[in-house]
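**Student:** All I have is the shape, not the residue letters:
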């Protein structure tokens, strides 16, 4: 692209580094910001710098937090004997938004992916083993994505935890609520038949 | 969304203000930035602040520039008697990337759009009339989008310029190169038949 200004080019290059943002989108965003009041642009810039500088991670579960312990871990009404293992902060938000889960979390910070150079040591796995080895944990719920990386990571963590006196469970896989049988893929449908559960009319919404 | 951190929420809210960026995309971008080195995030933040603070607009054509005159207006090899009227800096880049146009530009900074509260006084129209009234301009090429706003703006500018001794032209509309007749819309096809030009075999690539 032929930029008329070096400053403009720099800003576009910076934006285009973001995932899913190409040069054209970056240019559109930068030109939009140029039309905004200076205070708004500075607020975005300073907000990013402050976020990176001041953000903390919960000392227990590894979730993004403003203090040493996150809101969930610090909440005594939550069941601290249950850990829901998730990939990142987005998954914590997804589970929290169900308003059904009352236990705590453990945020891995990624999934094992040799292709991307991410091995077990890059993830918050040792801190999970620490938590479990201290003894007060009854159940670890594996809530990772049903992808190859998720499966690999769950397999690895199961191997690490299986000798501790802790129940290890995995979230149910099957046909989604509202999902139509004819559009379900074969693997999901086969698995959901194989792992069928007793009919419970109170569970149907 | 249930954010675990106020800083995270602030950053997501700031990002979600950008056009075409929703809360989910904003969260994805912010979590990506959190995984980047601090220097890279600061560089993006500072770059935005610097852009808004230091960017200048060409005193002649209104394009984004690092100095008082942009590269095109300051270039004596360009034909300063021809002005290509465009909506914004992106359109200048699009025309420049053709490597065919040797004249100068005038950047309106938008299109007349009463729905969005943009009238002629919000655009760089008076500076265009100034340039034309000084007398050294032979041609103004209207290169605005073929939308209702673009047509309205061209109609307005034509009315303002028609009494000056200047040729006013509009970029050709018709079937794009590589375009298939059967997929062209009716208006474009009808117009491109009505405004047919003598066949010139040297122009077919």
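**Tutor:** Nice, thanks for sending it over. None of the values given here were measured: they were computed from a predicted structure. Numbering: from 1, shown residues only, chains lettered A, B, ... in the order given.
**Student:** anything in the helix or strand harbouring residue A:40 near chain B?
**Tutor:** Following DSSP states H and E, the helix or strand that holds residue A:40 is helix A:38-54. Yes. Contact between helix A:38-54 and chain B, assessed by Cβ under 8 Å from any Cβ of the partner chain, occurs at A:38, A:40-54. Yep, even glycine has a C-beta here, placed from its N, CA and C like the rest.
**Student:** Direction included, what does the next helix or strand after that helix pair against?
**Tutor:** Per DSSP H and E, the first helix or strand lying C-terminal to helix A:38-54 is strand A:56-57. Its sheet considered, strand A:56-57 pairs with strand A:64-65 (antiparallel) by DSSP bridges.
**Student:** picking up where we left off before, and the helix holding residue A:40, what does it pack onto?
**Tutor:** Helices and strands touching helix A:38-54, by 3 or more Cβ pairs under 8 Å, 6 or more residues apart in numbering or on different chains; DSSP states H and E, are helix A:23-34, helix B:6-16, helix B:23-34, helix B:38-54.
**Student:** so where is chain A shaky, pLDDT-wise?
**Tutor:** Applying pLDDT under 70 to chain A flags the ranges A:203-205.
**Student:** Show me the strands in it, by range?
**Tutor:** For chain A, the strands defined by DSSP state E cover A:56-57, A:64-65, A:79-86, A:103-107, A:139-142, A:167-170.
**Student:** would a markdown table of the ones you listed with mean neighbour count be doable?
**Tutor:** Converted to a markdown table, the strands of chain A look like this (neighbours: other Cβ atoms under 10 Å in any protein chain shown):
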| stretch | mean neighbour count |
| --- | --- |
| strand A:56-57 | 16 |
| strand A:64-65 | 24 |
| strand A:79-86 | 19 |
| strand A:103-107 | 24 |
| strand A:139-142 | 19 |
| strand A:167-170 | 14 |
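**Student:** Quick one: closest of those strands to residue B:83.
**Tutor:** strand A:64-65 (52.1 Å; Cβ to Cβ).
**Student:** From the chain's centroid, how far away is that closest one?
**Tutor:** Centre-to-centre, strand A:64-65 and its host chain are 12 Å apart (Cα atoms, centre = their mean, to the nearest Å).
**Student:** Show residues contacting it.
**Tutor:** A:55, A:56, A:57, A:58, A:70, A:71, A:89, B:4, B:5, B:8, B:34 (Cβ atoms under 8 Å, 6 or more residues apart in numbering or on different chains).
**Student:** ok so, going back, buried set for the helix holding residue A:40?
**Tutor:** Using 16 or more other Cβ atoms under 10 Å in any protein chain shown as the test for burial, helix A:38-54 gives A:41, A:43, A:44, A:45, A:47, A:48, A:49, A:51, A:52.
**Student:** didn't residue A:101 look like it was pressed against residue A:83?
**Tutor:** No. Counting by Cβ atoms under 8 Å, residue A:101 does not reach residue A:83; the two are 10.9 Å apart.
**Student:** Overlap of the contact sets of those two?
**Tutor:** Counting by Cβ under 8 Å, 6+ apart, no residue touches both residue A:101 and residue A:83.
**Student:** what sits against the residue most central in space within chain A?
**Tutor:** Centroid check for chain A by Cα atoms, centre = their mean gives residue A:88 as the closest residue, at 2.3 Å. Residues near residue A:88 by Cβ under 8 Å, 6+ apart: A:107, A:108, A:109, A:110, B:31.
**Student:** what sits against the residue nearest to residue A:12 when sequence neighbours are not counted?
**Tutor:** Closest residue to residue A:12 in three dimensions, ignoring its sequence neighbours and counting by Cβ to Cβ, 6 or more residues apart in numbering or on different chains: residue A:26, at 4.6 Å. When the contact criterion is Cβ under 8 Å, 6+ apart, the partners of residue A:26 are A:11, A:12, A:13, A:14, A:15, A:16, A:18.
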